[in-house]
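K.L.:
Pasting a predicted model and its sequence here:
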Amino acid sequence: MALNLDTRQRAMLEAMGITVWLPEPVEMLAAPSPVAAEPEPAQRAAEPSPVLRAEPAAPVQAPVQAPAPQVTVAPAPQPTPARPAPAPAPAPVLSSHTRGESHPFVQQPVAGPAGEPGLGWTLSPAQLVYPHAPQHAQQAAEQGGWLILLEPPANPALISPAQKPSADSAQTALQGDAARLLDNMLRALNLQQKPRIYSAALHRAPPDADLSHAQPLQPALEAVLRELRPDCVLVLGLASARAVLGRHDALGRLRAEPHRIAGVPTVVSYDPNYLLRAPQAKAGAWADLVQAQGFTKSV
């Protein structure tokens, strides 16, 4: 079959790099078209060989390779110098009061010269708060009344004779404004007319004292309670309450909980010296005294 291609088609095939090996028509040889004119020698040399310019029908593209991931080598960890192991935390301490059934919780140890809160404390003899109150032989032999426990300041300030309590005022280990405040609070409950209101001072050992042979406070206090047989014990101040109860709790918790010492109901309240610095606590102190009065059978 003859392939009839005109000059334009042959030029297009030639431009595409396809060589047609057929003889040209006679009319084209006789009168060559200027489009199909033979290229110049320099132009022929610049064109690539027809065999080299032939391209496949479906060119295959080489797969594109992803760049290799860069691996960063971390420096070797430096050896950490060995540290001494921390000291183990001290085990919780159960005080003598918390071993009972009424306070089953565990107390936390506190720093101090003694292991037990009552160790290193001494109790002074009990005295009548109002010695000029009406006394009756029969009433003196009966049980009832109060025992007020408080801690006097270690270094009391010097007071003038006018600041000293009068003979009919409350006779306690407190002095000055603190003694006057306690007297007013007791008189508000009409306790100045009662014969069985006692007070005893608590004294703590100095920080540098040798407590190796010291006796705990609780046995001595229980002996006083068996002798006086009061209806209620009123403990004033945080340090006094911790020593008496053998506890390490805060004052707010000690005030909120009911206590008993040798079977006697015990109420914890604020130290009068503290009330002078914090007047907003006087309402709570008054509520504590009213609570203590509720335990009183006869005074």
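P.N.:
Here it is on my side, so go on.
K.L.:
for the closest residue to residue 177 other than its chain neighbours, helix, strand, or coil?
P.N.:
Leaving aside its sequence neighbours, residue 177 sits nearest to residue 276 (CB to CB, 6 or more residues apart in numbering; 5.7 Å). All C-beta spots, glycine's among them, are computed from the backbone N, C-alpha and C. Following DSSP: H, G, I helix; E, B strand; the rest coil, the label given to residue 276 is helix.
K.L.:
residue contacts, residue 276?
P.N.:
Listed by CB atoms under 8 Å, 6 or more residues apart in numbering, the contact partners of residue 276 are 177, 178, 181.
K.L.:
Quick check: which element contains the second one?
P.N.:
Per DSSP states H and E, residue 178 falls inside helix 176-188.
K.L.:
What residues of that helix count as buried?
P.N.:
Neighbour-count burial for helix 176-188, counted by 16 or more other CB atoms under 10 Å, picks out 176, 178, 179, 180, 181, 182, 183, 185, 186.
K.L.:
In terms of secondary structure, what does it contact?
P.N.:
helix 272-277, helix 282-294 (3 or more CB pairs under 8 Å, 6 or more residues apart in numbering; DSSP states H and E).
K.L.:
any idea which of these is most buried?
P.N.:
Most buried of those, by mean neighbour count (mean count of other CB atoms under 10 Å): helix 272-277, with a mean of 18.
K.L.:
Please write out the alpha-carbon positions of that one in PDB.
P.N.:
Written as PDB, here are the backbone C-alpha positions of helix 272-277 (Å, rounded to 0.1, in the frame of the first residue of the first chain):
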ATOM      1  CA  PRO A 272      -6.100  34.800 128.300                       C
ATOM      2  CA  ASN A 273      -2.800  36.300 127.200                       C
ATOM      3  CA  TYR A 274      -3.700  35.300 123.600                       C
ATOM      4  CA  LEU A 275      -7.200  36.800 124.000                       C
ATOM      5  CA  LEU A 276      -5.500  40.100 124.700                       C
ATOM      6  CA  ARG A 277      -3.800  40.000 121.400                       C
END
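K.L.:
pLDDT of it, averaged?
P.N.:
For helix 272-277, mean pLDDT is 95.
K.L.:
How about stretch 197-217?
P.N.:
Averaged over stretch 197-217, pLDDT sits at 86.
K.L.:
same question, stretch 11-31
P.N.:
On average, stretch 11-31 scores 63.
K.L.:
Then stretch 151-166?
P.N.:
69.
K.L.:
For residue 228, which residues are in contact?
P.N.:
Residue 228 neighbours (CB under 8 Å, 6+ apart): 126, 143, 145, 147, 196, 198.
K.L.:
Now with 7 Å, please.
P.N.:
126, 147, 198 (CB atoms under 7 Å, 6 or more residues apart in numbering).
K.L.:
For residue 281, state which of those residues is nearest.
P.N.:
residue 147 (22.5 Å; CB to CB).
K.L.:
now that closest one, what's its secondary structure?
P.N.:
strand.
K.L.:
ok now do residue 197, which residues does it touch?
P.N.:
Here residue 197 is in contact with 128, 129, 130, 145, 146, 191, 299 (criterion: CB under 7 Å, 6+ apart).
K.L.:
May I ask which of these comes out lowest in pLDDT?
P.N.:
Of all of those, residue 299 carries the lowest confidence score, 48.
K.L.:
quick one on the thing from earlier: in a markdown table, list the contacts of residue 228 along with neighbour count and distance to residue 271.
P.N.:
Putting the contacts of residue 228 into a markdown table (neighbours: other CB atoms under 10 Å; distance: CB to CB, whole Å) gives the following:
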| residue | neighbour count | distance to residue 271 |
| --- | --- | --- |
| 126 | 18 | 19 |
| 147 | 25 | 16 |
| 198 | 20 | 18 |
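K.L.:
and of those, the nearest to residue 215?
P.N.:
Looking across the contacts of residue 228 and measuring by CB to CB, the closest to residue 215 is residue 126, at 18.1 Å.
K.L.:
show me the biggest strand of the protein in terms of residues.
P.N.:
Of all segments of type strand in the chain, defined using DSSP state E, the longest is strand 197-204.
K.L.:
Any buried residues in the helix or strand just after that strand, and which?
P.N.:
Note on strand 197-204: by DSSP H and E, the next helix or strand toward the C-terminus is helix 217-228. By neighbour count on 16+ other CB under 10 Å, the buried set for helix 217-228 is 217, 218, 221, 224, 225, 228.
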